[in-house]
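Novice: How does the following fold in three dimensions:
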Amino acid sequence: MSPSHLSILTAWPRHRMRIVHARGLLPQSKFTTPLITEKDRPMAEPFKNLINPEIARQIGHHLQQAWPAFDRAHFEQRALAGLDALELKARVLHICAALEHTLPADFHAAADILQASLKRVPPPQASHDPDKELGAMTTDDTGLAGWALWAFGEYVAKRGIAHPERALTALHAITQRFTAEFAIRPFIVQHPDLTLATLSQWVDDPSAHVRRLVSEGSRPRLPWGLRLQALVVDPCPTLPLLLRLQDDTSEYVRRSVANHLNDIAKDHPSIIVDWLKTHLPAAPQPRRKLLRHACRTLIKDAHADVLTAWGLGEPFDGQLSLQLDTKKVSIGGVLQLQVTLTSRSTHAQTLELDYRVHHVKANGQTSPKIFKGKRLTLAAGEQHIWRKQHALKPVSTRRYYPGGHQIDIQVNGQTLASTTFELLP
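Specialist: Numbering: from 1, shown residues only. Just a heads-up that it's a prediction; the model follows:
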């Protein structure tokens, strides 16, 4: 959620997209969620224009091509009425409502029409690169793809919930042209046995987009997706899926597996510890990369068993100092950190360096946030200087408040240095 309109999911592959809900900009829905953030998009183009009148007209055109009896005029009248006044997610729901008024009441017939309107895509080859294919997820003369299908996913999740077999078939097609990782989640909640059995079959699908859906769609805590509370409590039903996917030929799929395992780590760290004991020894490099990414939360939280599994269980033998370029910085500014590590050891040391900022909240209390620093091997007697620019610019996921802030430096899970700075209005 691991995709740019403006040519849809083109310049921004899904694995680099940070999924954000900007209050007032992206209304939440229990069915689907946005795929890009304000930081990722071109600044001149409002988010809401990802769903625009031209997309509504494209939907009308291709639905009429697929079903000549489709009342395109009625659909476009409903879809375009008031569209410009709505924000992004509200536009999606608005178009979904227009679909509900103009597609057949029979969901099977409606699903047939939706699928017939989709862009023609060639059968995936075994070696296909899904990251590169994301740039081709745009509507063309053959049918619909990209942002237009967000409304399709909403429709299937709402109208197809009583017809899960047919709905899952539709989502299988949609996810190869956009994504169904959010639309599939209501089916996991309401039809868990059927949906998980279907996902098990899809593990062997020739399309990496479908295989990724197996992992991404069933993540317990997919950001801004419907939380799968039963899998938060007990993630065991998805573990066989992840086991079969962790050595997938596509990095695109493996990234999703890593994120899924990281979700599990937040509630069941012991499962990840056991997973490492079984799957880390003698692991090939692609799997090691996956497992390392899966452990990122537990490493930052200094989980002892996970640190030991990665050779980070020993404390740093040496001296460490932390310096800031200023003790006062304004909101929107940048703080320069400099950390100097000097080894006293007679052998090389593997170190995981992170830093923690204690942000002031609206009530004056502080809340710590750990940021990724650097992974390094420090030779015997070596000195290493690490510099980091930490931006204090407000973003949609964090608001800054003036006051005294603390910064800690953490090495292999141990806090070794701290200092403070004043954040000014």
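Novice: What segments of the protein are strands?
Specialist: 318-324, 328-330, 334-343, 349-360, 366-378, 383-391, 403-411, 414-424 (DSSP state E).
Novice: so which of those strands gets nearest residue 202?
Specialist: strand 366-378 (32.3 Å; CB to CB). The way it works is simple: take the backbone N, C-alpha and C, and place the C-beta from them, glycine included.
Novice: The closest one pairs with which strands?
Specialist: strand 349-360 (antiparallel) (DSSP bridges).
Novice: residue boundaries of the helices in the stretch 51-200 of the chain?
Specialist: Secondary structure of the stretch 51-200 of the chain, counting by DSSP state H, counting those that start in this stretch: helices at 53-66, 72-80, 88-102, 107-116, 130-133, 148-159, 164-174, 185-190, 192-202.
Novice: Next, the angle from the fourth one to helix 53-66.
Specialist: Looking back up the chat, that one is helix 107-116. Here the directions of helix 107-116 and helix 53-66 differ by 110 degrees (axes from the mean of the first three to the mean of the last three CA atoms, to 10 degrees).
Novice: how about low-confidence regions in the stretch 1-150 of the chain?
Specialist: 1-45, 126-127, 134-135 (pLDDT under 70).
Novice: nearest to residue 64, of the strands of the chain?
Specialist: strand 383-391 (48.6 Å).
Novice: which of the residues in that closest one are buried?
Specialist: When burial is assessed from 16 or more other CB atoms under 10 Å, strand 383-391 yields the following buried residues: 384, 390.
Novice: just stretch 145-154 next, same as before
Specialist: 145-154.
Novice: Report the distance from it to the chain centre.
Specialist: 18 Å (CA atoms, centre = their mean, to the nearest Å).
Novice: Residues touching that stretch, excluding its own?
Specialist: Stretch 145-154 has contacts (CB atoms under 8 Å, 6 or more residues apart in numbering) with 5, 8-9, 29, 31-32, 50-51, 55, 58-59, 92-93, 95-96, 99, 114, 118-119, 121, 136-139, 144, 170-171, 174, 177-180, 182-183.
Novice: among the strands of the chain, which is nearest residue 128?
Specialist: strand 366-378 (31.1 Å).
Novice: Among the contacts of stretch 145-154, name the buried ones.
Specialist: 5, 8-9, 29, 31-32, 50-51, 55, 58-59, 92-93, 95-96, 99, 114, 118-119, 121, 136-139, 144, 170-171, 174, 177-180, 182-183.
Novice: just to revisit the earlier point, make TSV out of the helices of the stretch 51-200 of the chain and add distance to residue 332.
Specialist: Converted to TSV, the helices of the stretch 51-200 of the chain look like this (distance: least, CB to CB, whole Å):
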stretch	distance to residue 332
helix 53-66	35
helix 72-80	39
helix 88-102	25
helix 107-116	46
helix 130-133	34
helix 148-159	33
helix 164-174	40
helix 185-190	37
helix 192-202	45
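Novice: Tell me which of the ones you listed is the most buried.
Specialist: helix 148-159 (a mean of 26; mean count of other CB atoms under 10 Å).
Novice: That helix versus helix 107-116: what angle between them?
Specialist: Using the same axes, to 10 degrees, helix 148-159 lies at 170 degrees relative to helix 107-116.
Novice: how distant is helix 148-159 from the center of its chain?
Specialist: On CA atoms, centre = their mean, the centre of helix 148-159 falls 19 Å from the chain's centre.
Novice: related to what we said a few turns ago, can you say which of the strands of the chain is packed in most?
Specialist: Taking mean count of other CB under 10 Å, strand 349-360 is the most buried of those, at a mean of 20.
Novice: and the angle from that one to strand 403-411?
Specialist: Going by the same axes, to 10 degrees, strand 349-360 makes 170 degrees with strand 403-411.
Novice: distance between strand 349-360 and the chain's centre?
Specialist: On CA atoms, centre = their mean, the centre of strand 349-360 falls 23 Å from that of its chain.
Novice: next one: stretch 354-374
Specialist: Taking mean C-alpha positions (CA atoms, centre = their mean), stretch 354-374 and its chain are 22 Å apart.
Novice: Mind putting the buried residues of stretch 145-154 into TSV with distance to residue 337?
Specialist: As requested, the buried residues of stretch 145-154 are arranged in TSV below (distance: CB to CB, whole Å):
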residue	distance to residue 337
145	44
146	41
147	39
148	45
149	43
150	40
151	45
152	46
153	42
154	44
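Novice: nearest to residue 265, of those residues?
Specialist: residue 153 (28.0 Å).
Novice: Nearest spatial neighbour of the closest one, chain-adjacent residues omitted?
Specialist: Closest residue in space to residue 153, ignoring its immediate chain neighbours: residue 183 at 3.5 Å, by CB to CB, 6 or more residues apart in numbering.
Novice: and the longest helix anywhere in the chain, what's its mean pLDDT?
Specialist: For the chain, the longest helix by residue count, based on DSSP state H, is helix 251-267. Helix 251-267 shows an average pLDDT of 97 in the prediction.
Novice: Show me what that helix is packed up against.
Specialist: Contact analysis of helix 251-267 by 3 or more CB pairs under 8 Å, 6 or more residues apart in numbering; DSSP states H and E lists helix 130-133, helix 208-216, helix 239-245, helix 269-279, helix 285-294, helix 296-300 as its packing neighbours.
Novice: surely the residue nearest to residue 153 meets residue 160?
Specialist: No. Counting by CB atoms under 8 Å, residue 183 does not reach residue 160; the two are 9.0 Å apart.
Novice: which ones are touching residue 290?
Specialist: Residue 290 touches 246, 254-255, 257-258, 261, counting by CB under 8 Å, 6+ apart.
Novice: run the last query once more with 6 Å
Specialist: 246, 254, 257-258 (CB atoms under 6 Å, 6 or more residues apart in numbering).
Novice: Identify, from these, the entry nearest to residue 354.
Specialist: Ranked by distance to residue 354 (CB to CB), the contacts of residue 290 are led by residue 258 at 18.1 Å.
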